[in-house]
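Undergrad: Just need the structure, nothing else, for what follows:
(chains A and B)
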Amino acid sequence: NAGVTQTPKFQVLKTGQSMTLQCAQDMNHNSMYWYRQDPGMGLRLIYYSASEGTTDKGEVPNGYNVSRLNKREFSLRLESAAPSQTSVYFCASITRWGWTEAFFGQGTRLTVV
Amino acid sequence: AQTVTQSQPEMSVQEAETVTLSCTYDTSENNYYLFWYKQPPSRQMILVIRQEAYKQQNATENRFSVNFQKAAKSFSLKISDSQLGDTAMYFCAFMKHEDYGQNFVFGPGTRLSVLP
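TA: Take a look at the predicted model:
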């Protein structure tokens, strides 16, 4: 099925370790987003990419970096993980031509110990 | 900046009954979209219903309908004939029209439990 593929689904890191969350969409969308979900706070935007080659900070970018590798792929990197980054992470892509809707990956549950 | 508020952190409803989830938002924009997303225990974000602000008619999708009050900046979700499978977190979200940036904002969510 077409959609947003996000890997891994679960990850446990030690404080100070690094990792990259991968996201790919096959719907030819221009806009891609990374969110984190914490209890009682909904989804908060970390970074977004309006189009291939561009990235911008969202509400909570500290401690993260992103790469828009091509139109399909948008990765999120934690250079030195901290316990405060324990969260569920979602990648999303958005279509805005004729019908506006956001499509989400299945999420990554990250625990930093 | 836009904000979305969901004032009911948790709600419960008996199976087959009707429940309404509240959402209010703050914006100075005139053209935008509003969404309700469902997140079951599987964690997947599922679009329930969407509303375009320029349309006065309230959106409906089977058992799901909205009450969109643009002047009051209110966007409530009504679930009729509630089913056990409706148990989930529900998020209200705002998206500015033709904006490719930060203006896709979510509320904190309402946890709905459908009781047998």
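
Undergrad: which element is A:Ala92 on?
TA: Using DSSP states H and E, A:Ala92 sits within strand A:87-95.

Undergrad: which outside residues touch that strand?
TA: A:4, A:6, A:21, A:23, A:25, A:27, A:29-38, A:43, A:46, A:74, A:76, A:100-105, A:107-110, B:43, B:45, B:95, B:104 (Cβ atoms under 8 Å, 6 or more residues apart in numbering or on different chains). Bear in mind the C-beta positions are built from the backbone N, C-alpha and C, glycine included.

Undergrad: how about low-confidence regions in the chain?
TA: Using chain A here. Low-confidence segments of chain A (pLDDT under 70): A:1-2, A:96-99.

Undergrad: nope, chain B please
TA: Where chain B drops to pLDDT under 70, the residues are B:98-102.

Undergrad: And the strands in it?
TA: B:3-5, B:10-14, B:19-21, B:24-26, B:32-39, B:46-52, B:60-61, B:64-69, B:74-79, B:88-96, B:104-106, B:110-115 (DSSP state E).

Undergrad: for these, which one sits closest to A:Tyr64?
TA: When these are ranked by proximity to A:Tyr64, the top entry is strand B:104-106, at 17.4 Å, counting by Cβ to Cβ.

Undergrad: May I see the ChimeraX selection of the buried members of the contacts of strand A:87-95?
TA: In ChimeraX, a selection of the buried entries from the contacts of strand A:87-95 looks like this (16 or more other Cβ atoms under 10 Å in any protein chain shown):
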select /A:4,6,21,23,25,29,30,31,32,33,34,35,36,37,43,46,74,76,100,102,103,104,105,107,108,110 /B:43,45,95,104
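
Undergrad: okay, the angle between the strand holding A:Ala92 and strand B:32-39?
TA: Relative orientation of strand A:87-95 versus strand B:32-39 (axes from the mean of the first three to the mean of the last three Cα atoms, to 10 degrees): 140 degrees.

Undergrad: Follow the chain on from strand A:87-95 and name the next helix or strand.
TA: Using DSSP H and E, the helix or strand that follows strand A:87-95 in sequence is strand A:101-104.

Undergrad: for that next one, packing partners?
TA: Contact partners of strand A:101-104 among helices and strands, from 3 or more Cβ pairs under 8 Å, 6 or more residues apart in numbering or on different chains; DSSP states H and E: strand A:87-95, strand B:46-52.

Undergrad: and those strands as TSV, adding mean neighbour count and distance to B:Tyr90?
TA: Listed next are these as TSV, based on neighbours: other Cβ atoms under 10 Å in any protein chain shown; distance: least, Cβ to Cβ, whole Å:
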stretch	mean neighbour count	distance to B:Tyr90
strand A:87-95	22	16
strand B:46-52	17	7
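
Undergrad: Just send these back as CSV, with distance to B:Thr87 too.
TA: Output for the helices and strands packed on strand A:101-104, formatted as CSV (distance: least, Cβ to Cβ, whole Å):
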stretch, distance to B:Thr87
strand A:87-95, 18
strand B:46-52, 13
